[in-house]
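Undergrad: take a look and give me a structure for this.
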Amino acid sequence: MASSLTCTGVIWAFLSFLCAAASCVGFFMPYWLLGSQLEKSVSFGTFRRCSYPVRDESRQTTVMVEQCGRYASFQAIPSAEWRICTVVTGLGCGLLLLVALTALMGCCVSELISRTVGRVAGGIQFLGGKCSCGEGMGT
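TA: The predicted structure follows:
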């Protein structure tokens, strides 16, 4: 198979894929913040959580659900800031993954990535990195 990438481009494609995969795994994991509540270990991320309190209306108490899961809906995410973080970080991860997969295809398909396409992909990758890291987004 012919490649449209130079040796540097192949290294860029491979590292882009590794960074995109790490960003996506970090985004989906519920271990952003760790702590304890009601003497139980709790953790949560932007849209997933582990060991969370739920109000038991029949007994009029709060009980800990000791499992991991997503929030029931987008509106169930605790605050507007966390909802914005979920959208922006997800968008960043999506952009990083798009560029990484395009670059990997460039390793196998000739004439797929030109100098201009590489520059545009680099700009998209920069924007995706800014979104997924929260840099310059007011956080």
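
Undergrad: all contacts plus neighbour counts: C-alpha atoms, from now on.
TA: Noted.

Undergrad: any stretches of this protein with poor pLDDT?
TA: 1-4, 134-139 (pLDDT under 70).

Undergrad: looking at it, which helix is longest?
TA: Determined from DSSP state H, the single longest helix within the chain is helix 80-108.

Undergrad: now the next helix or strand after that helix against helix 80-108, angle please.
TA: Where DSSP states H and E defines the elements, the next helix or strand beyond helix 80-108 is helix 115-133. Relative orientation of helix 115-133 and helix 80-108, computed by axes from the mean of the first three to the mean of the last three C-alpha atoms, to 10 degrees: 150 degrees.

Undergrad: find the centremost residue of the chain, please.
TA: Phe27 (3.3 Å; C-alpha atoms, centre = their mean).

Undergrad: how close does that one sit to Cys85?
TA: Per C-alpha to C-alpha, to the nearest Å, Phe27 is found 10 Å from Cys85.
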